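Undergrad: what follows is a predicted structure for the sequence shown.
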Amino acid sequence: MKVFFSNDVEHTSVSGAVWKRIAKQVDEDGLPRLLELYDKYEVRSTFFVLGQLAELKPNIVKQIVAHGQEVGSHGYQHDYRSAFDMMTLEEQIAELRHSKDLLEQIGGQEVVSFRAPALRVNSDTPMALREAGFKFDSSVAPQRMDAFMSLGANKKQWLKAPRAIYETAIDNLARKGKSGIVEVPVSSYGVPYIGTVMRIAPYSLLPMTRRLLYWESQQKDTPITFLYHPSEAVQEIEEEYTPQHRAQSKLGYLLSDVLRAKVKLRNLDHRALTLLEKELKFWSERGGEFCMIKDNKIIQS
């Protein structure tokens, strides 16, 4: 049973705090504590690092490498106004190459895995990944039903996406094909298996989702991929919460900006790490093999 505890390392702050402050907290507090927890359970993991953050705080990449973990790319910037699903093929290739080169220069290891910020991609992304020298992607969440609470039009493709590890189509990461890019999907059973759900519903939705995923992995040999953010181990102040107005409609603003961001403030700091340790213990006790994304065998096209 392959278990991937993947991590998106970014400056995004749900409270609207100054991102340089969040970057410092992640670098000096959230990330070290997370790495220590992974060491305790002998977890091999992938950290998808935002290039802009690595540029400001190169120690983030160096810490990850020093602990023997994989550094993947999370793109260069995390701006909802210029996400990957809004970029042309040429723009995506340029950003992917920029982030890849930057992370490789800092960390001294080849970067072959990618996850798009906010999981937003389009039909050009598989080709862009191949042209930029990537081999793995983890930007698809099969049958995840809360996409309406986040931005990104192409997330409707998730409804029919394969649930096992697969080689993607050259024009669609959510479909099988011969692109040479291997997809390691983020686990979901209607409800996504991610840190946010872990913190807002640790005794209801999360254990139900975990049990279903475990049953499926035993029946169909599907992988388990958990998505976490080191910033979840950093306490934010609710009084500072100022939601961004990203969505164009009033309903979209209430769902994807106000409601979604407000619930993400629950159980941050040490509480998040305590809950995360329960997840690690669950899979460890059941013989799960903690893997890095790049541990997968390359599928030759």
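TA: All right, it came through fine.
Undergrad: contacts and neighbour counts: CA atoms only from here.
TA: Noted.
Undergrad: any idea how far residue 135 is from residue 87?
TA: Distance, residue 135 to residue 87, using Cα to Cα, to the nearest Å: 20 Å.
Undergrad: which SS state does residue 71 fall under?
TA: At residue 71 the chain is in strand, as set by DSSP: H, G, I helix; E, B strand; the rest coil.
Undergrad: excluding covalently adjacent residues, which one is nearest to it?
TA: residue 47 (5.1 Å; Cα to Cα, 6 or more residues apart in numbering).
Undergrad: and the helix or strand harbouring the one you found, average pLDDT?
TA: Here residue 47 is covered by strand 46-49, with elements defined by DSSP states H and E. Mean pLDDT, computed over strand 46-49, is 98.
Undergrad: what does stretch 74-82 give?
TA: Mean predicted lDDT for stretch 74-82 stands at 86.
Undergrad: list the buried residues in that stretch.
TA: By neighbour count on 16 or more other Cα atoms under 10 Å, the buried set for stretch 74-82 is 74, 75, 76, 77, 78, 80.
Undergrad: distance check, the third one against residue 68.
TA: It stands for residue 76. 23 Å.
Undergrad: before we move on, back to that, which one of residue 135 and residue 87 is surrounded by more residues?
TA: residue 135 (23 against 16; other Cα atoms under 10 Å).
Undergrad: related to what we said a few turns ago, neighbouring contacts of the strand holding residue 47?
TA: 4-10, 61, 64, 69-75, 113-115, 292-293 (Cα atoms under 8 Å, 6 or more residues apart in numbering).
Undergrad: what of stretch 106-114?
TA: Contacts of stretch 106-114 (Cα under 8 Å, 6+ apart): 48, 58, 61-62, 65, 71-75, 100, 103-104, 133-139, 293-294.
Undergrad: give me the longest helix you can find in this structure.
TA: helix 89-107 (DSSP state H).
Undergrad: could you point out the helix or strand that follows that helix?
TA: Counting by DSSP H and E, what follows helix 89-107 is strand 113-114.
Undergrad: got the buried residues for the longest helix of the chain?
TA: Quick answer for helix 89-107 (16+ other Cα under 10 Å): 89, 92-104, 106-107.
Undergrad: check the gap between residue 86 and residue 296 for me.
TA: 29 Å.
Undergrad: so residue 186 versus residue 143, what's the distance?
TA: Residue 186 is 10 Å from residue 143, by Cα to Cα.
Undergrad: who's more crowded, those two?
TA: residue 186 (25 against 22).
Undergrad: show me what contacts the residue found closest to residue 22 once you drop the neighbours it is linked to in the chain?
TA: Spatial nearest neighbour of residue 22, chain neighbours left out: residue 11 (6.0 Å); criterion: Cα to Cα, 6+ apart. By Cα under 8 Å, 6+ apart, the contact list for residue 11 reads 19, 20, 22, 23, 53, 231.
Undergrad: what's the helix or strand for residue 11?
TA: Residue 11 belongs to no helix or strand, assigned by DSSP H and E.
Undergrad: return the distance of it relative to residue 51.
TA: Distance from residue 11 to residue 51, by Cα to Cα: 10 Å.
Undergrad: kindly export stretch 119-138 (C-alpha atoms) in PDB.
TA: Taking C-alpha atoms only, stretch 119-138 is exported to PDB below (Å, rounded to 0.1, in the frame of the first residue of the first chain):
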ATOM      1  CA  LEU A 119      -4.700  22.400  -8.500                       C
ATOM      2  CA  ARG A 120      -5.500  24.600 -11.500                       C
ATOM      3  CA  VAL A 121      -4.400  23.300 -14.900                       C
ATOM      4  CA  ASN A 122      -5.600  23.300 -18.500                       C
ATOM      5  CA  SER A 123      -5.200  21.200 -21.700                       C
ATOM      6  CA  ASP A 124      -1.700  22.600 -22.300                       C
ATOM      7  CA  THR A 125      -0.300  21.600 -19.000                       C
ATOM      8  CA  PRO A 126       0.700  18.000 -19.800                       C
ATOM      9  CA  MET A 127       2.700  19.200 -22.800                       C
ATOM     10  CA  ALA A 128       4.200  22.000 -20.800                       C
ATOM     11  CA  LEU A 129       5.400  19.600 -18.100                       C
ATOM     12  CA  ARG A 130       7.000  17.300 -20.700                       C
ATOM     13  CA  GLU A 131       8.700  20.200 -22.500                       C
ATOM     14  CA  ALA A 132      10.000  21.600 -19.100                       C
ATOM     15  CA  GLY A 133      11.500  18.200 -18.100                       C
ATOM     16  CA  PHE A 134       9.000  17.000 -15.500                       C
ATOM     17  CA  LYS A 135       8.000  13.400 -15.100                       C
ATOM     18  CA  PHE A 136       5.300  13.400 -12.500                       C
ATOM     19  CA  ASP A 137       2.200  15.500 -11.700                       C
ATOM     20  CA  SER A 138      -0.100  15.500  -8.700                       C
END
